[in-house]
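Q: below is the sequence, then the predicted model.
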Amino acid sequence: MTKSLLAKYNIAAPRYTSYPTVPNWQIPGPGQEEWLLEVKKTYQEQGIINLYIHLPYCEQLCTYCGCNKRITKNHAVERPYIESVLKEWAMYVAALGEKSVIRELHLGGGTPTFFSPENLSFLVEGILHQAKLAPDHSFSFEAHPNSTTYEHLRTLRSSGFNRISIGVQDFGQDIMLLINRKQTTAEIYRVVEQSRELGYESINFDLIFGLPRQKIDHILTNIEHLQKLRPERIAFYSYAHVPWKSPSQRAYDETDLPRGDQKRELYETGKRFLEEMGYEEIGFDHFALPQDELLIASKAKRLHRNFMGYTPHDTRLNLALGVSAIGDSWGAYVQNEKKIEPYRERVENGELPLIKGYLLTKDEQIIRRHILNIMCKESTCWLNPEVQCADLFAGLERLKEMEADGLLQIDGHCLKVLPAGRPFLRNICLAFDQHYWKHEVGAGRFSEVV
Ligand SMILES: C[S@@+](CC[C@H](N)C(=O)[O-])C[C@H]1O[C@@H](n2cnc3c(N)ncnc32)[C@H](O)[C@@H]1O
Ligand code: SF4
């Protein structure tokens, strides 16, 4: 990538896990009845759901972290929290009126493995007791190497979990120290070996480029470990610096953060070696080995993306339980209370703990589809009048300069992202984002695209 392109396009922009993006949602957003109507409508159309459960606790604060978490060493919080999650689930079960069919179940956080294996098993049994499973179902969870015991892995495997996502971030102990993350290389190896022994079908590593004081040497060391461990998937995230949202990121010096070209080089180096090792890039921050379902879906142009990242299935109804969790019915989004106490209080009162959300207009659903196509397939077409709207044409006008810069090609009724445009998928989507152009706000809300 040329330096001038990077300088020109490295602006603050959303990651487009939703459209409209979260800062544009309304408070309070759809009410409980309105949301449940949307949920029922989508369930009637597709007959299938994905379920995300947010488990927010962690024992220690990693200062780089941008997730919603609560730090505590008090494990007495586990059971009451799970009981609230199960009550929240019971409200959806009552609304769907039958044993609904689950395709994907994902435990995220915080740190799901903060919870004891017994409590996790109690949670999963409580959910599945009131559900059926799709034939192609798949269960996954986020595992912090430091708190994932053999017993966690064994219990979750016997509860049906077949995928594990290990939070590695970087193998460098100097970086771990700097971001206050307790994790050894030996623990990562142990979790991988035990997961394989127990029959987990797919292991994902979360890795980050752009961490404080991260150098090319760190990336090369990471690559050496990857050569030995060969996880099926790798999420290679760009470090998101959002100190206004995650003040703990102020714990390190901003001048220690690789920026611009330096940061991009970390990515390019990682990408080059991953490709040499047989990994292929999916979307803009994922890699997978050829036999992986995600890569097969990507090649068949069946890739989809939701709040959890890329997935091989276009599941329209994504229900989310737990504090701060985000639900998506395709026509509407909702987010739960972000603090544990009001979340639990509202659930205990028999109420869905919604705090914000958005009901999409028909045009916004059209733009949402085009943004998804760009993020997942690096192309989108609008020959059919049903996928045309004024916002689409306004966006195409804004892309003239990027087209002239060789980032994309607009041919008749189709837009195709060219290889040089791949690092700038977020910029391309931005062109269609009417909310962004109305307010022209990016900095102070989103991280930079590179
Ligand atoms: C909830 S955390 C992972 C689970 C577990 N708590 C752990 O630390 O291993 C989800 C992932 O978000 C990513 N993440 C968190 N903060 C980030 C940031 N500021 N920039 C980029 N990625 C971030 C990390 O890769 C992390 O593994
Ligand atoms: S990175 Fe994981 S363990 Fe660390 S604070 Fe964030 S959620 Fe908790």
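A: Thanks, I have the structure now. Ligands and ions are numbered 1, 2, ... in the order given.

Q: check contacts around residue 418.
A: 406, 407, 408, 409 (C-beta atoms under 8 Å, 6 or more residues apart in numbering). To be clear about C-beta, it is placed using only N, CA and C from the backbone, and glycine gets the same treatment.

Q: compare the residues you listed and tell me which is most surrounded.
A: In terms of neighbours by other C-beta atoms under 10 Å, these top out with residue 408 at 25 neighbours.

Q: center of the chain, which residue is that?
A: In the chain, the centroid-proximal residue (C-alpha atoms, centre = their mean) is residue 308; its distance is 3.2 Å.

Q: export the contacts of residue 418 as CSV, with columns for distance to residue 163, pLDDT and secondary structure.
A: Shown next, in CSV, are the contacts of residue 418 (distance: C-beta to C-beta, whole Å; pLDDT from 0 to 100; DSSP: H, G, I helix; E, B strand; the rest coil):
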residue, distance to residue 163, pLDDT, secondary structure
406, 38, 95, coil
407, 34, 95, coil
408, 33, 97, strand
409, 36, 97, strand
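
Q: quick one, helices of the stretch 351-450 of the chain?
A: 362-377, 390-398, 400-404, 425-430, 434-439 (DSSP state H, counting those that start in this stretch).

Q: for residue 142, find the nearest of the ones you listed.
A: helix 362-377 (21.6 Å; C-beta to C-beta).

Q: relative to ligand 2, which of the contacts of residue 418 is nearest.
A: residue 407 (32.8 Å; C-beta to the nearest ligand atom).

Q: now do the residue nearest to the centre of the chain against ligand 1, distance only.
A: 10 Å (C-beta to the nearest ligand atom, to the nearest Å).

Q: count the neighbours of whatever residue of the stretch 301-450 of the chain ends up closest to ligand 2 for me.
A: Per C-beta to the nearest ligand atom, residue 324 is where the stretch 301-450 of the chain lies closest to ligand 2, at 11.8 Å. Counted with other C-beta under 10 Å, residues neighbouring residue 324 total 20.

Q: can you tell me the SS state at it?
A: What DSSP: H, G, I helix; E, B strand; the rest coil gives for residue 324 is coil.

Q: pretty sure it sits against residue 52.
A: No. Judged on C-beta atoms under 8 Å, residue 324 makes no contact with residue 52 at a distance of 10.8 Å.

Q: residues of the helix or strand where residue 218 lies that come out buried?
A: Assigned by DSSP states H and E, residue 218 belongs to helix 216-229. Buried positions in helix 216-229, judged by neighbour count with 16 or more other C-beta atoms under 10 Å: 218, 219, 222, 223, 225, 226, 229.

Q: whether that helix contacts ligand 1 - can you check?
A: No. Helix 216-229 lies out of reach of ligand 1 by C-beta under 6 Å from any ligand atom, never closer than 12.8 Å.

Q: and whatever helix or strand comes next after that helix, which strands flank it?
A: Following helix 216-229 in sequence order, the next helix or strand is strand 233-238 (DSSP H and E). Paired with strand 233-238 in the same sheet, following DSSP bridges, are strand 202-209 (parallel), strand 286-288 (antiparallel).

Q: from the ones you listed, which stretch is densest packed?
A: strand 286-288 (a mean of 26; mean count of other C-beta atoms under 10 Å).

Q: touching ligand 1 at all, that one?
A: No. Contact of strand 286-288 with ligand 1 (C-beta under 6 Å from any ligand atom) is absent, the minimum separation being 12.0 Å.

Q: what's the first helix or strand after that strand?
A: That would be, after strand 286-288 and using DSSP H and E, helix 293-299.

Q: what residue ranges in the protein are flagged as low confidence?
A: Within the chain, the ranges that satisfy pLDDT under 70 run 1-3, 440-450.

Q: domains for it, by residue range?
A: Using automatic domain parsing, the domains assigned to the chain come out as 3-9+18-326, 361-450.

Q: got TSV for these, with distance to residue 335 too?
A: TSV is the format used below for the domains of the chain (distance: least, C-beta to C-beta, whole Å):
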stretch	distance to residue 335
domain 3-9+18-326	5
domain 361-450	16
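
Q: residue 351 is nearest to which of those?
A: Closest among the domains of the chain, using C-beta to C-beta: domain 3-9+18-326, at 6.7 Å.

Q: quick one: distance of the closest one to the chain centre.
A: With C-alpha atoms, centre = their mean, to the nearest Å as the basis, domain 3-9+18-326 stands 6 Å off its chain's centre.

Q: any idea which residue of the stretch 251-400 of the chain lies closest to ligand 1?
A: For the stretch 251-400 of the chain, C-beta to the nearest ligand atom, closest residue to ligand 1: residue 285, 9.3 Å.

Q: that residue: how many residues sit nearby?
A: The burial count for residue 285: 19, using other C-beta under 10 Å.
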